[in-house]
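Asks: Pasting the sequence and the predicted model now:
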Amino acid sequence: MEVKQKANRAVPGQWKPTRDKSSQTDSRLQAGHGPRLSQVNLFTLLSLWMELFPQENPEENHSSQIRTSGLVVVRDGKVVGLHCSGAELHAGQAAIIQHGPRLADCRLYFSRRPCSTCLKMIINAGVRLISFWPGDPEVSMLNSSPCTTMLGCSDHRPPCCISEDAALDNVATERLKSNSRPHICVQLQPLEPGLLQFVTESSRNCDFMEKITDDDPGVNTDELYNRERTQHFRNFSSHFLLGTPQEHKDILTHMGLENFCAEPYFSTLRHSMRELVQVLAAVAAGVPTLHYGFHGEQLSASLHQEISQEVARHCVIQASLLAFRTEDPKVGVGAVIWAKGASAGCSGTGSLSLVGCGFNAYPAGSQYAEYPQMDDKQEDRQRRKYRYIVHAEQNALTFRTRDIRPDEPTVLFVTKCPCDECVPLLRGAGITHIYTSDLDQDRDKGDISYLRFSSLKNISKFTWQRSPYPHLTNGCIGKRSRQTEDTTNHSNKRPRTDTPPLSAGKEFHDHS
Ligand SMILES: Nc1ccn([C@@H]2O[C@H](COP(=O)(O)OP(=O)(O)OP(=O)(O)O)[C@@H](O)[C@H]2O)c(=O)n1
């Protein structure tokens, strides 16, 4: 489903399913394979997740009226930028600083409608498309003190008095949207049937969860997972969903999106938003905040102290989201590479800037059905997939957005242990740190093996382990996050069959 704004306005009846253009192969997955996230939904989810990037000093960020936002920059179907608001810069400004004229022809996915200050620069850069999540905008209408001028307010909606700044920003944004260069719209697509269930079950059985079961078979991981997912859903809903339908309609109307409020479009819109937030909660729950974290052999390794457990976990969940675009019929793997350097210092990611990201897939340009898809259980080795699938790390390196510099620590977050084919590539590329699962470590499956990782010497490795510091909250040393969660506590492999069905209606708070 894509809601587009023709001449800056949404028109009822434009809710129509759009064909998802694959980033790797030219055709959709065939019947019998797991459902996957559409490109648009992946970018939207990554933008929401970027909004929640852990902040060192969240209280420094902005006035109360400016809400932090996340941004994904996409060029030719590939993610080339992941940004969020920081103490000084909004996400849009951070993107302008990092990409400059390279933003031309890019597609931008925002977790909130950007403010006019960002919008004018982004339009000026010549971007092709600006999509935003249709909730409270960056200049918040929720945190506003009551309107003094009533500018932009319609008299029949007294509860939605917005501040003068928000009203002025709305007017400016509306005017800026008349610029003919970018297509400014709300892009949301309905989830493929069964995708939410698939994501939930795959995340519940991912390598990080399996490791916990392996360590202590007595732990009820289903219960742990469900508790985390419920907590996340509650937390994410308060960020991204608007409490009541009327409140949502009021805000959309103030944003000039009154046509979104007509039924049945409005209910469909809210349903799609809610489902995407559920997907985010399901994926995040697969890397629980229990007494586990990413730990190295030498706990004093300097970067370990600089990358908090929260940031590591956040980046691994990013990789987990990417894994749901896999083209492997059985297991999805995602990888994200960040560099740590002075260049990104002014944005909300601290000193991290994106190098590249990817998931395992057949070579770009392939027709999906033209290559073998079987795994090592297939006796005929010619029919096995391994010689054809490009690994998540390989895609992240190939489609990287910038060079890896020898003077900058460069950190790979990957949802499955790097295999023997990838280890020399990672070393050769200059990766200095790896955060991953060691579940497959030392396994040899013939066509794919994981023997080199354990003897890899010149790269610092941090694997998902029970925390050696269980007394520290989340195993995290002195960092605070925007996500204040009180939880007690991917491979996105095809799930076990004994997984209980989702009881979403019971567990999730219905905001619609
Ligand atoms: N670091 C890694 C490791 C693996 N892969 C990808 O993960 C898949 C592995 O497939 P398979 O061997 O079937 O998965 P396993 O989880 O090892 O299966 P099982 O545990 O059932 O043996 C392949 O697409 C491979 O390209 C990847 O992208 N990056």
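Replies: Received, thanks.

Asks: For the stretch 101-250 of the chain, just list every one of the strands.
Replies: For the stretch 101-250 of the chain, strands defined by DSSP state E, counting those that start in this stretch occupy the ranges 107-110, 129-132, 183-187.

Asks: My error: substitute the stretch 401-512 of the chain in the last question.
Replies: 410-414, 433-436, 460-466.

Asks: could you redo those as a markdown table and give each row mean neighbour count and mean pLDDT?
Replies: Every residue, glycine included, has its C-beta placed from N, CA and C. Output for the strands of the stretch 401-512 of the chain, formatted as a markdown table (neighbours: other Cβ atoms under 10 Å; pLDDT from 0 to 100):
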| stretch | mean neighbour count | mean pLDDT |
| --- | --- | --- |
| strand 410-414 | 26 | 97 |
| strand 433-436 | 26 | 97 |
| strand 460-466 | 20 | 95 |
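
Asks: who wins for proximity to Leu354 among the strands of the stretch 101-250 of the chain?
Replies: Closest approach to Leu354 among those (Cβ to Cβ): strand 107-110, 14.0 Å.

Asks: Please name the strands paired to that closest one in the sheet, noting orientation.
Replies: When pairing is defined by DSSP bridges, strand 107-110 lines up against strand 70-75 (antiparallel), strand 129-132 (parallel).

Asks: follow-up on the earlier one: want to throw the strands of the stretch 401-512 of the chain into TSV with distance to Ala95?
Replies: Below are the strands of the stretch 401-512 of the chain laid out as TSV (distance: least, Cβ to Cβ, whole Å):
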stretch	distance to Ala95
strand 410-414	21
strand 433-436	25
strand 460-466	29
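
Asks: among these, which is nearest the ligand?
Replies: When the strands of the stretch 401-512 of the chain are compared by Cβ to the nearest ligand atom, strand 410-414 sits nearest the ligand, at 5.3 Å.

Asks: for the closest one, packing partners?
Replies: With contacts defined as 3 or more Cβ pairs under 8 Å, 6 or more residues apart in numbering; DSSP states H and E, the packing partners of strand 410-414 are helix 309-323, strand 334-340, helix 392-398, strand 433-436.

Asks: could I get those as a markdown table with distance to Gln246?
Replies: Output for the helices and strands packed on strand 410-414, formatted as a markdown table (distance: least, Cβ to Cβ, whole Å):
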| stretch | distance to Gln246 |
| --- | --- |
| helix 309-323 | 32 |
| strand 334-340 | 38 |
| helix 392-398 | 43 |
| strand 433-436 | 44 |
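
Asks: Those: which one's closest to Pro409?
Replies: strand 334-340 (4.4 Å).

Asks: List, one by one, the residues from the stretch 201-350 of the chain near the ligand.
Replies: Contact residues, the stretch 201-350 of the chain versus the ligand (Cβ under 6 Å from any ligand atom): Asp328, Lys330, Val331, Val333.

Asks: Just give the nearest non-adjacent residue to the last one, would you?
Replies: Counting by Cβ to Cβ, 6 or more residues apart in numbering, Ala392 is the residue found nearest to Val333 once chain neighbours are left out, at 4.1 Å.

Asks: Just the element for Val79, please.
Replies: Per DSSP states H and E: Val79 is located in strand 78-84.

Asks: Just the C-alphas of that strand, formatted as CSV.
Replies: The C-alpha coordinates for strand 78-84 follow below in CSV (Å, rounded to 0.1, in the frame of the first residue of the first chain):
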residue,chain,number,x,y,z
LYS,A,78,20.7,0.3,-1.3
VAL,A,79,20.9,1.9,2.1
VAL,A,80,23.7,4.4,2.0
GLY,A,81,22.9,6.4,5.2
LEU,A,82,21.4,5.7,8.6
HIS,A,83,20.9,8.9,10.7
CYS,A,84,19.2,10.2,13.7
